[in-house]
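# attaching a predicted model along with its sequence, questions to come.
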Amino acid sequence: MTEKNVVTAIRDALHEEMRGDDRVILLGEDVGNRGGVFRISAGWLEEFGEDRVLDTPLAESGIVGVAIGMALRGLRPVAEIQFADFIHPAFDQIVSEAARLRYRSNGTFGCPLVIRTPCGGGIHGALYHSQSIETFYAHVPGLKVVMPSTPADAVGLLRSAIADPDPVLFLEHKKTYRAIKGDVPDGPYTVPIGAADVKREGTDLSCISYGYALHNCLDAAARLQEDEGISVEVVDVRTLAPLDMATILRSVRRTSKAIVVYEDNRTYGAGAEIAASIAEEALFDLDAPIVRVGGPDIPAMPFATPLEHYFMEPEPDQVYRRMLDLARA
Amino acid sequence: MYRTVITARVLDEAALRQNRMGRAPFVVPAEGHEGCQVGTAWAMRKGVDVWVPYYRDGAVVLVAGMTPFEIFLGIFAKADDPSSGGRQMPSHWGHAGLGIISGSSPIATQVPHAAGIAYAIKYRGEDAVVGCWFGDGATSEGDWHEGLNFAGIHRLPVIFVCENNHYAISVPQAKQMAVDNVADRAEGYGFPGVVVDGNDVLACYAAMKQAHERARAGEGPTLIECKTYRFLGHTSDDDDKTYRTRDEVEQARAHDPVHVFGEYLRTHDILDDVGAEELRAQVKGEIDEALAAAWDAPDPEPGSAMRHVFFEGSS
């Protein structure tokens, strides 16, 4: 075990993958000379050469499109989109091409591609450096969407993503990069894609979350235990597609109460899918209506600190309060 | 070569008849494009090079090795259609065994793929060349620019072939671009652009052969613009009378690549009228046979729609 923050964990895991397999190549904007805007690939240009650490033109659709071609010819490209907010020009390549290649060719072609991108807010990123994009892509069959919240999961899921025969969108919440530290198992440790994880066990209610929001949930759960003796189970979704409803339902059936917490704006978000699936499968196990806590339905996260705080937490300590209300319901 | 041109034409005519008979919901006619398709594709090496065609490239995939029977399996959306098992519209080619990369309907999305494949070929030091075909309409897309730009930067072994029929469905070239030649744009990507008469099979072959040699020698990409014409609608659902005069189409037909090539062979005493008729009859027989066999082939099982969303394990 080694304690690392999320960004270091991702850097080390990717570095090992690059060292272990010369089919793995990194491409994106500023990944070479600059070593990435988050310094993930600092020094790699010298170590691996410019044909493996590839500074691309500023063209997101082209980055993903070219990476698809590389994947079709036997490489294991890891494409970096500098900020998730800029991935939208590549939507067609991701959705119409990468996600459909296997299906449209009746299983005769595959696209083993990883697209890494930093997402999420709370870091003074404003409208165009704060977005949550997971829902756009989690809706797309043929595409896997993962979003680790801890250093160990980031390492394990990144290794699984690179080994995966299908395209994986790997979402890294920027606020976890340096704020979240944790032990990472040494050696070839992996986390399977499509498996949720109980991050805190509890008996009174189930909180389902992912990304940075999960840490707010863990914090609120710890305080509720201390303040009120309320025992909250916190489930980390980890993979948005395919969604591990079995783990979520197992928890909800035991606690009989569910709250879903996510940073993305609330409407049509991951919470809608999770809440609907709980309602379909476990309605009669519930003692209270399912609660959804999402970001406000405004176009994006504003810049000014009070406005940004408002987006992240429209009511003071809202996760704690909503959990408390649900526990008492 | 001439036989392939004739096969493409006869196949196209037969496919359109199937559509008009109500047996094929949708077909993509290529009449007029056979010259530039066969000519350019002929310079590629089967089983070695990589083919990245677009949906009008029936003659390209014939050269690549797809059989008329396989093409009709696609037209009738049969279970054994090698492109997609009947999942995609016809003419959305793909054949893993022949190195024909699966394509889609959005325009020019295959251009960055071609560049990426060529990058992987160069990265691994392999001796293969990527051929990437598209129409004039594709050249307006961002992906087209992004693909050519990337290929130029890395001097990749890829040949971009524009089958310029002067219309993006109904939009004439003058409303698509302010230049006369698509090939002129190659200068902006740092590699040669060549204009060739797309109705002259051998001229297309010569241009492609040269580009192929350049690519293999590590000298990078070439953009070849084949000036041609589409004699029929964009697809079986299009009515080109709404945007082209019959006069214009008739004038273009005077340069039909099938006739131009036939005349060339006649003047060089390689072919005579009897031989041409015999060949056409022979090809017609083969096409009819392939069509009938494909029509009788099994449809996909309905439940198979759920398969191949993700990798299902190696078979």
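Good, I have the coordinates.
# from now on I want contacts and neighbour counts done on CA atoms only, so please keep to that.
Fine.
# now the strands for the chain?
Just going to use chain A. Chain-ordered strands for chain A, with DSSP state E as the definition, fall at A:2-5, A:24-28, A:53-55, A:76-80, A:114-119, A:144-146, A:168-173, A:181-184, A:197-200, A:205-209, A:232-236, A:239-241, A:258-265, A:291-295.
# you answered for a different chain; I wanted chain B.
Assigned strands in chain B, in chain order: B:50-52, B:130-135, B:158-164, B:167-168, B:171-172, B:193-197, B:222-227 (criterion: DSSP E).
# stretch B:228-246: how far from the chain's middle?
The chain centroid and the centroid of stretch B:228-246 are separated by 18 Å under C-alpha atoms, centre = their mean, to the nearest Å.
# that one - what's its average pLDDT?
Confidence over stretch B:228-246 (mean pLDDT, whole number) is 94.
# quick one: which of the strands of chain A is nearest residue B:58?
Nearest to residue B:58, of all the strands of chain A, is strand A:76-80, at 31.1 Å by C-alpha to C-alpha.
# from residue B:256, how far out is residue B:92?
Going from residue B:92 to residue B:256 by C-alpha to C-alpha, to the nearest Å gives 25 Å.
# closest residue of the stretch 201-329 of chain A to chain B?
Of all residues in the stretch 201-329 of chain A, residue A:242 sits closest to chain B, at 10.6 Å by C-alpha to the nearest C-alpha.
# next up, the contacts around that residue.
Counting by C-alpha atoms under 8 Å, 6 or more residues apart in numbering or on different chains, residue A:242 makes contact with A:138, A:144-145, A:193-194.
# retrieve the pLDDT associated with it.
In this prediction residue A:242 is given a pLDDT of 98.
# one more: residue B:315?
What the model reports as pLDDT for residue B:315 is 53.
# just the buried residues out of the contacts of residue A:242, in PyMOL syntax.
In PyMOL, a selection of the buried entries from the contacts of residue A:242 looks like this (16 or more other C-alpha atoms under 10 Å in any protein chain shown):
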select buried, chain A and resi 138+144+145+193+194
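# if we can go back for a sec, can you put the strands of chain B in JSON lines and add distance to chain A and mean neighbour count?
As requested, the strands of chain B are arranged in JSON lines below (distance: least, C-alpha to the nearest C-alpha, whole Å; neighbours: other C-alpha atoms under 10 Å in any protein chain shown):
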{"stretch": "strand B:50-52", "distance to chain A": "10", "mean neighbour count": "26"}
{"stretch": "strand B:130-135", "distance to chain A": "11", "mean neighbour count": "26"}
{"stretch": "strand B:158-164", "distance to chain A": "12", "mean neighbour count": "27"}
{"stretch": "strand B:167-168", "distance to chain A": "20", "mean neighbour count": "19"}
{"stretch": "strand B:171-172", "distance to chain A": "23", "mean neighbour count": "14"}
{"stretch": "strand B:193-197", "distance to chain A": "21", "mean neighbour count": "19"}
{"stretch": "strand B:222-227", "distance to chain A": "18", "mean neighbour count": "28"}
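# relative to residue B:194, how far out is residue A:151?
Computed with C-alpha to C-alpha, the distance linking residue A:151 and residue B:194 is 53 Å.
# hang on, I meant residue A:218
Here residue A:218 is placed at a distance of 63 Å from residue B:194 (C-alpha to C-alpha).
# would you check that residue B:112 makes contact with residue B:143?
Yes: counting by C-alpha atoms under 8 Å, a contact exists between residue B:112 and residue B:143, whose distance comes to 6.4 Å.
# does the closest residue to residue A:179 other than its chain neighbours have beta-bridge partners, and which?
Distances taken as C-alpha to C-alpha, 6 or more residues apart in numbering or on different chains put residue A:5 closest to residue A:179, at 7.1 Å, once the chain neighbours are dropped. Residue A:5 has the following beta-bridge partners by DSSP bridges: residue A:181.
# tally of neighbours for residue A:5?
Other residues near residue A:5 come to 21 when the count uses other C-alpha atoms under 10 Å in any protein chain shown.
# what does residue B:105 give?
Residue B:105 has 15 neighbours, counted by other C-alpha under 10 Å.
# for it, give me its contacts.
With contacts defined as C-alpha under 8 Å, 6+ apart, the neighbours of residue B:105 are B:55, B:92.
# now do 10 Å
With contact taken as C-alpha atoms under 10 Å, 6 or more residues apart in numbering or on different chains, residue B:105 is in contact with A:96-97, B:54-55, B:88-89, B:91-92.
# cool, and residue A:78?
Shown in contact with residue A:78 (C-alpha under 10 Å, 6+ apart): A:14, A:18, A:24-28, A:53, A:64, A:67, A:71, A:112-116, A:161-162, A:168, A:170.
# domains for chain A, by residue range?
A:2-184, A:197-328 (automatic domain parsing).
# what ranges do the helices span in the stretch 1-150 of chain B?
Using DSSP state H, counting those that start in this stretch, the helices of the stretch 1-150 of chain B run over residues B:2-20, B:34-41, B:58-64, B:68-75, B:110-123, B:142-153.
# quick one: low-confidence parts of the stretch 101-250 of chain B?
Within the stretch 101-250 of chain B, no range satisfies pLDDT under 70.
# so which bits of it are right by chain A?
Residues of the stretch 101-250 of chain B that fall close to chain A, judged by C-alpha under 10 Å from any C-alpha of the partner chain: B:101-106, B:109-124, B:142-151, B:153-154.
# ok, 7 Å please
By C-alpha under 7 Å from any C-alpha of the partner chain, the part of the stretch 101-250 of chain B that sits against chain A consists of B:102, B:109, B:112-117, B:119-120, B:123, B:143, B:146-147.
# can you select the buried ones among those for me in PyMOL?
One line in PyMOL is enough to select the buried members of these, burial here meaning 16+ other C-alpha under 10 Å:
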select buried, chain B and resi 102+109+112+113+114+115+116+117+119+120+143+146+147
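# dump the residues of the stretch 101-250 of chain B next to chain A into JSON lines; add distance to residue B:214 as well.
Rendered in JSON lines, the data for these read as follows (distance: C-alpha to C-alpha, whole Å):
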{"residue": "B:102", "distance to residue B:214": "26"}
{"residue": "B:109", "distance to residue B:214": "25"}
{"residue": "B:112", "distance to residue B:214": "20"}
{"residue": "B:113", "distance to residue B:214": "20"}
{"residue": "B:114", "distance to residue B:214": "17"}
{"residue": "B:115", "distance to residue B:214": "16"}
{"residue": "B:116", "distance to residue B:214": "18"}
{"residue": "B:117", "distance to residue B:214": "17"}
{"residue": "B:119", "distance to residue B:214": "16"}
{"residue": "B:120", "distance to residue B:214": "18"}
{"residue": "B:123", "distance to residue B:214": "17"}
{"residue": "B:143", "distance to residue B:214": "24"}
{"residue": "B:146", "distance to residue B:214": "21"}
{"residue": "B:147", "distance to residue B:214": "18"}
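# and of the residues of the stretch 101-250 of chain B next to chain A, the nearest to residue B:40?
residue B:114 (16.0 Å).
# contact partners for that closest one?
Contact criterion C-alpha atoms under 7 Å, 6 or more residues apart in numbering or on different chains gives A:69, B:52, B:130, B:132 as the residues in contact with residue B:114.
# thanks again, I'm all set now.
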